[in-house]
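S.K.: Below are the sequence and a predicted model; questions follow.
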Amino acid sequence: MHDTIKIKNISNNKSSLSIEWNDGEKSNFNFLWLRDNCPSDIHPTARERQFNLKDVSENIKPESFNLENNKKIKIKWSEGNHVSLYDIGWLRRHCYTINNNKEYVSPYKLWDKNLSQNFEKITAEYEEVMETEEGLIKWLEKLHHYGICIVKNTVTSKNSGFEILKRISHTRQTFFGTPFEVINIPNPNNQAYTAKGLFNHTDLPYFESAPGYQFLHCLVNDATGGNSSMVDAFKVADYFKKNDKEVFKTLVETSVKFTNNDYTQETIRIGHSPLINLNKDNDYNDIRFSVAQMGVLDCAPDVVEKFYKSYQKFAKLLHSKEYLVEFKLEKGDLFCFNNRRVVHGRTEFNPNSGHRHLQGYYIDRDEILGRMNYLKKMEL
């Protein structure tokens, strides 16, 4: 589209340049915005801005400007003896007037129990991910859009999860180690290291920045029981947003305490966050939920009862059959999910009936999105 876009008229509007485009759209580009985004001030290899806005006054303006061959706008600035050239296609793509008038479209595909009938939507083949860029992109897109993907037929030697995760980026290290061993052990420092069932939860909510994505690599799963569960917490949040606005408002606005007092560590970790966090577009950004790691509530007295009633409703739906997808991991499965969207858990298993061994890894969400943006050649 941008190849056919032309400038019909350009004028000085005191504090900005006003542009009329040939398709009827209109843009205003503030002078400070234009000077701050001069292409000549971007380092050619570091790709970082070299200009500092402090070096001009708030009254900077074009001394002159003109349109060259309907391809570039040339501005000679009133300060600093500086000339800028702006590609009109770049200006159109980055027009904050037009872009802020566009309707926001969420990238998330929300799901409930019916996903169990459509597992092909959230599965990928190890060989395709490892050997083709197309397969890697599909994997990343499923992780971003659905918040979950199960990679089938992976190599099942110990620590082999590193090989596929290198296709994305580096892993996130935590005090649990990388990989962490999800097995039944004596004197566990986490309930995951037992044979007991686990309530649906997100991992490590007590961190200021909880890990973005979790990867559970199934090396063997011969024990009776131990089915994995998952719920799209964004879908549950969306229910309250549409049907119980007071509960939704309470869960978004009330900051609660999460704690970790691991006996193997010389630390006590405390983090505060609402259970539901929104992004700049009021879309879902992340969920923090863990019955086990919820600290003693310390919010304002007049909020306590309202919060607990809302929290209880949220907890019930996060374990409801209407939203729950339950399945048994098979040897070679890599269970990948957005740890700040999908709550996960498991049923109890019998450690005397067989062996169950998963290895766990984390990768920050920035790495997932950054890799996908690069592979899809996102324009900046």
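M.R.: Received it, and whenever you're ready, just let me know what you need. Please read these numbers as outputs of a predicted model, since none were measured by experiment.
S.K.: L219 - that's part of a strand, no?
M.R.: Yes: checked against DSSP: H, G, I helix; E, B strand; the rest coil, L219 lies within a strand.
S.K.: Can you give me the distance of it to G161?
M.R.: Distance of L219 to G161, computed by CB to CB, to the nearest Å: 9 Å. (C-beta placed from N, C-alpha, C; glycine too.)
S.K.: Mind listing the shared neighbours of the two?
M.R.: Q359 (CB atoms under 8 Å, 6 or more residues apart in numbering).
S.K.: ok, now which ones touch the residue most central in space within the chain?
M.R.: The structure's the chain has its C-alpha centroid closest to R365; by CA atoms, centre = their mean the separation is 4.8 Å. R365 makes contact with 212-213, 338, 340, according to CB under 8 Å, 6+ apart.
S.K.: Just the ones of those residues in strands?
M.R.: 213, 338 (DSSP state E).
S.K.: Pick out the most distant pair among the contacts of R365.
M.R.: Y213 and R340 (8.4 Å; CB to CB).
S.K.: just to revisit the earlier point, need the contacts of R365 in CSV with distance to L53, pLDDT and neighbour count, can you?
M.R.: Formatted as CSV, the contacts of R365 follow (distance: CB to CB, whole Å; pLDDT from 0 to 100; neighbours: other CB atoms under 10 Å):
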residue, distance to L53, pLDDT, neighbour count
G212, 32, 98, 20
Y213, 36, 98, 27
N338, 36, 98, 25
R340, 33, 98, 25
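S.K.: Nearest to E68 among the contacts of R365?
M.R.: The closest of these, once distances to E68 are taken by CB to CB, is G212, at 44.4 Å.
S.K.: Which residue, other than its chain neighbours, is closest to the closest one?
M.R.: Distance criterion CB to CB, 6 or more residues apart in numbering; nearest residue to G212, sequence neighbours excluded, is R365 at 2.7 Å.
S.K.: what do you get for L216?
M.R.: Here the residue nearest L216, using CB to CB, 6+ apart, is F335, at 4.3 Å.
S.K.: Verify the stated contact: that neighbour with Y213.
M.R.: No: at 10.9 Å, F335 does not count as touching Y213 under the criterion of CB atoms under 8 Å.
S.K.: can you map out the helices along this protein?
M.R.: In the chain, helices defined by DSSP state H lie at 31-36, 88-93, 96-101, 126-131, 133-145, 161-165, 233-243, 245-253, 304-317, 365-375, listed in chain order.
S.K.: could the ones you listed be laid out in a markdown table, adding distance to D55 and mean pLDDT?
M.R.: Output for these, formatted as a markdown table (distance: least, CB to CB, whole Å; pLDDT from 0 to 100):
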| stretch | distance to D55 | mean pLDDT |
| --- | --- | --- |
| helix 31-36 | 10 | 98 |
| helix 88-93 | 23 | 96 |
| helix 96-101 | 23 | 95 |
| helix 126-131 | 47 | 98 |
| helix 133-145 | 39 | 98 |
| helix 161-165 | 43 | 98 |
| helix 233-243 | 44 | 98 |
| helix 245-253 | 41 | 98 |
| helix 304-317 | 49 | 98 |
| helix 365-375 | 30 | 97 |
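S.K.: I'd like to know which of those helices is closest to A223.
M.R.: The closest of the helices of the chain to A223 is helix 161-165. By CB to CB, the value is 20.3 Å.
S.K.: what helices or strands is that closest one leaning on?
M.R.: The contact analysis (3 or more CB pairs under 8 Å, 6 or more residues apart in numbering; DSSP states H and E) places helix 161-165 against helix 126-131, strand 213-221, strand 356-363.
S.K.: please redo it, this time with the cut-off set to 10 Å
M.R.: Helix 161-165 is packed against helix 126-131, strand 213-221, strand 334-338, strand 356-363, with contacts defined by 3 or more CB pairs under 10 Å, 6 or more residues apart in numbering; DSSP states H and E.
S.K.: Just the CA atoms of stretch 274-288, as CSV, please.
M.R.: Output in CSV follows, covering the C-alpha atoms of stretch 274-288 (Å, rounded to 0.1, in the frame of the first residue of the first chain):
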residue,chain,number,x,y,z
PRO,A,274,-2.7,-7.7,41.1
LEU,A,275,-3.9,-11.1,39.9
ILE,A,276,-4.8,-9.6,36.5
ASN,A,277,-2.6,-7.1,34.8
LEU,A,278,-3.5,-5.2,31.6
ASN,A,279,-1.3,-3.6,28.9
LYS,A,280,-1.5,-0.1,27.4
ASP,A,281,-4.4,-1.2,25.2
ASN,A,282,-6.3,-2.6,28.2
ASP,A,283,-5.8,-6.1,26.8
TYR,A,284,-4.5,-8.9,29.0
ASN,A,285,-0.8,-8.6,29.8
ASP,A,286,-0.3,-11.2,32.5
ILE,A,287,-1.9,-13.3,35.3
ARG,A,288,-0.3,-14.1,38.6
